[in-house]
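# Dropping a prediction and its sequence here:
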Amino acid sequence: MSSKDRVFAEQLESVAAFQFDEAVARVFPDMIQRSVPGYSMVVSMIGLIAGRYARKGTRLYDLGSSLGATAIAMRHGIACDNCEIIAVDNSEAMTERCRKIIAEDSASTPVDVVCGDIREVAIENASVAALNFTLQFIPVEDRLPLLKNIRNGLNPGGVLVLSEKLAFPEEHQAILDTLYYDYKRANGYSEMEISQKRTALENVLVPEALSVHRERLLDAGFTHVIPWYQGFNFCSLLAVR
Ligand code: GEK
């Protein structure tokens, strides 16, 4: 059971840039569940997508794995032999906890939890890769090289699932932001929590338009880019090599 997220519940003198530290790792399942509409459904659908696209003797990558929810969904979703799952995150607080969670999980496919930067990881012999709400934290100029590296490490017919918070034209942005803050209120976040978290994420989580993501994925060499989920300003895309 995860503890309740109270990271921004007290009035802070000054709000520092958001970090995936111990305080966040401790409450992460509750935080992401209450902050990303459709999160659990997206994670379980990545398990289903992995079941369709994983190939015998290949690797599956969970890039920006946090506590390994996506890696675990993949692990339970696949039914082919000799696969290996690589879960990568550069937060030690996350990877330490992730290793313990994976150790308690019963499925048999090996999961290698790596503490490292997804911009530096070698991707090889991959059938499935997931960037589940991670690319949004990568500096914009590093996004294309990362996607090219993933694309080049995927075997033909392999897929990337890219889930992101999106940016919209002004009027749509205002409408979706209002609904998104309603979602956060409905999940028990106070005005102060919503506002302090928004400040902490400024310039840390940088959303881009769907069209930007689509063009960049095509530039990286993916042949099909298929939006398969949107919940307010959050989406998930399937990109096929
Ligand atoms: C899930 N995918 O539960 N290298 C490695 N990891 C990084 C980097 C980087 N350069 N930058 C950020 N991260 C997960 C949820 S959370 C999404 C992903 C969120 C990691 C960061 O440490 C954090 O654990 C994760 O990306 C983003 O399905 O909190 O909105």
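Great, that's in hand.
# The helix or strand of the chain with the lowest mean pLDDT vs the ligand: in contact?
In the chain, no helix or strand scores lower on mean pLDDT, DSSP states H and E than helix 191-201, which sits at a mean of 85. No. Residues of helix 191-201 contacting the ligand under Cβ under 6 Å from any ligand atom: none, with a closest distance of 8.7 Å. C-betas here are computed from N, CA, C, even on glycine.
# ok, residues contacting that helix?
The contact list for helix 191-201, computed with Cβ atoms under 8 Å, 6 or more residues apart in numbering, reads 7-9, 11-12, 15-18, 35, 181, 184-185, 189.
# Point out where this structure drops to low pLDDT.
For the chain, applying pLDDT under 70 flags the ranges 1.
# go again using 90 as the cut-off
Judged by pLDDT under 90, the chain has its weakly predicted residues at 1-2, 5-18, 20, 80-81, 190-201, 203.
# In it, what residue lies closest to the ligand?
The nearest approach of the chain to the ligand comes at Gly64, 3.0 Å away (Cβ to the nearest ligand atom).
# could you dump the contacts of helix 191-201 to TSV with distance to Pro145 and secondary structure?
Below are those laid out as TSV (distance: Cβ to Cβ, whole Å; DSSP: H, G, I helix; E, B strand; the rest coil):
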residue	distance to Pro145	secondary structure
Val7	31	coil
Phe8	33	coil
Ala9	38	coil
Gln11	40	coil
Leu12	35	coil
Val15	31	coil
Ala16	28	coil
Ala17	23	coil
Phe18	24	coil
Ser35	28	helix
Tyr181	34	helix
Lys184	33	helix
Arg185	38	helix
Tyr189	35	coil
